[in-house]
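# quick check, what structure comes out for this input:
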Amino acid sequence: MSRTSQYVVMSLFAVVFLAPLVWMISASLRPEAKVLSVPPQFLPKDAQWDNYRQIFELIPVFLWNSVKLAGLNVVGVLAVASMAGYAFARLRFAGRDLAFMVLLATSIIPGIAYLIPQYIVFRQMGWVDTQYPLWVPKVLTPVFATFLMRQSFLTIPQELEDAGKIDGASTFGIYRRIMLPQTKPALAAIGVFTFLESWNDLFGPLIYINSENLQTLPVALAQFQGEYFTQISLLMCGATVSVVPVIAVFLFAQRYFIQGITMTGMKG
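Predicted coordinates for the structure are as follows:
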């Protein structure tokens with residue numbers, strides 16, 4: 001296939017994938033009565049910017065909760081997974097490989113299998129109707145992130161670590177000053193994945209949170225959908241607002257994102 005043909009095919013795929021996004025933005029700017037007009041209009045004739053004013057009056061608390069939880073998850077997972085990955089990759093201790101295999105084995109257990117026991121434990125701890133269940137378990141058990149960090153640390157030459165030891169650096173100093181900066185691609189990939197998982201989480205807030213002032217943006221968007229009536233224009237406004245941070249995070253991290261995914265499988 002020639003290069004021109006490749007660009008044509010990729011452009012067609014780009015149009016297919018971008019069409020729903022364009023329609024979402026267009027629907028967010030239309031009056032409710034014209035959202036589902038046939039044929040569909042991708043360029044609204046009379047843009048209703050008041051829709052966004054209404055949505056920003058409704059979602060500030062939900063938006064802040066989502067941003068806060070995403071930040072806690074990203075920072076916590078990066079810290080815990082990077083230290084655990086470094087320990088499994090570079091430190092020698094009894095049972096290291098067995099412990100890593102057991103850690104990986106836990107990932108095959110579906111979350112729904114331990115949902116009820118986990119809820120009971122959190123209720124006994126007084127965590128129900130708080131935001132702790134939405135970030136503490138994820139921060140303390142980052143199995144996939146630990147695996148990615150371990151693989152990334154394994155690709156770093158041993159000579160760098162040896163040079164740090166010769167200079168008198170401590171184990172933590174070697175990890176923080178020498179090894180961690182070499183894993184930026186893996187950190188970026190984990191950061192993006194963790195942000196998306198937290199930002200799009202609807203199930204967790206519905207299960208653990210009852211107070212409206214603690215709910216997140218996905219729950220707020222779900223409230224625009226009723227059994228008999230759905231406010232499509234406001235729903236599309238909220239969806240557009242929720243997509244902007246996702247795109248911003250990916251654009252910010254894309255320099256390292258693909259590299260992080262490819263490099264973590266280079267050495268076992």
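# quick check: residue 254 vs residue 248, distance?
The gap separating residue 254 from residue 248 is 11 Å, by CB to CB, to the nearest Å. In this view, the C-beta of every residue, glycine as well, is placed from N, C-alpha and C.
# the helix or strand that contains residue 16 packs against which elements?
Assigned by DSSP states H and E, residue 16 belongs to helix 3-28. Applying 3 or more CB pairs under 8 Å, 6 or more residues apart in numbering; DSSP states H and E, we find helix 3-28 packed against helix 232-263.
# which other helices and strands contact the helix it packs on?
By 3+ CB pairs under 8 Å, 6+ apart, helix 232-263 packs against helix 3-28, helix 50-58, helix 60-90, helix 143-154, helix 184-199, helix 217-222.
# make TSV out of those and add distance to residue 169.
Output for those, formatted as TSV (distance: least, CB to CB, whole Å):
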stretch	distance to residue 169
helix 3-28	47
helix 50-58	49
helix 60-90	13
helix 143-154	16
helix 184-199	20
helix 217-222	43
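# mind checking which of those helices is nearest residue 176?
helix 60-90 (9.3 Å; CB to CB).
# how far off centre is the closest one?
In this view, helix 60-90 has its centroid 10 Å away from the chain centroid, taken as CA atoms, centre = their mean, to the nearest Å.
# now do that helix, average pLDDT.
For helix 60-90, the mean per-residue pLDDT is 95.
# buried residues, it. List them.
Neighbour-count burial for helix 60-90 flags 62-63, 65-66, 69-70, 72-74, 76-78, 80-90 (criterion: 16 or more other CB atoms under 10 Å).
# stretch 44-54 now?
By 16+ other CB under 10 Å, the buried positions in stretch 44-54 come out as 44, 48, 51-52.
# could you do stretch 13-32 as well?
By 16+ other CB under 10 Å, the buried positions in stretch 13-32 come out as 25-30.
# same question for stretch 175-182.
175, 178-180.
# that one: end-to-end distance?
The first and final residues of stretch 175-182 sit 10 Å from each other (CA to CA, to the nearest Å).
# now swap in stretch 108-124 and tell me
26 Å.
# also stretch 202-221?
10 Å.
# name the residues that touch that stretch?
58-59, 61-63, 65-66, 69, 115, 119, 122, 127-131, 133-134, 199-201, 222, 235, 238-239, 241-242 (CB atoms under 8 Å, 6 or more residues apart in numbering).
# same check on stretch 132-147?
Residues contacting stretch 132-147 (CB under 8 Å, 6+ apart): 69, 72-73, 76-81, 84-85, 88, 103-104, 106-107, 118, 122, 127, 190, 193-194, 197-198, 201, 204-205, 207-209, 216, 264.
# any weak-confidence spans in this structure?
Scanning the chain for pLDDT under 70 picks out the ranges 1, 40, 226-229, 257-268.
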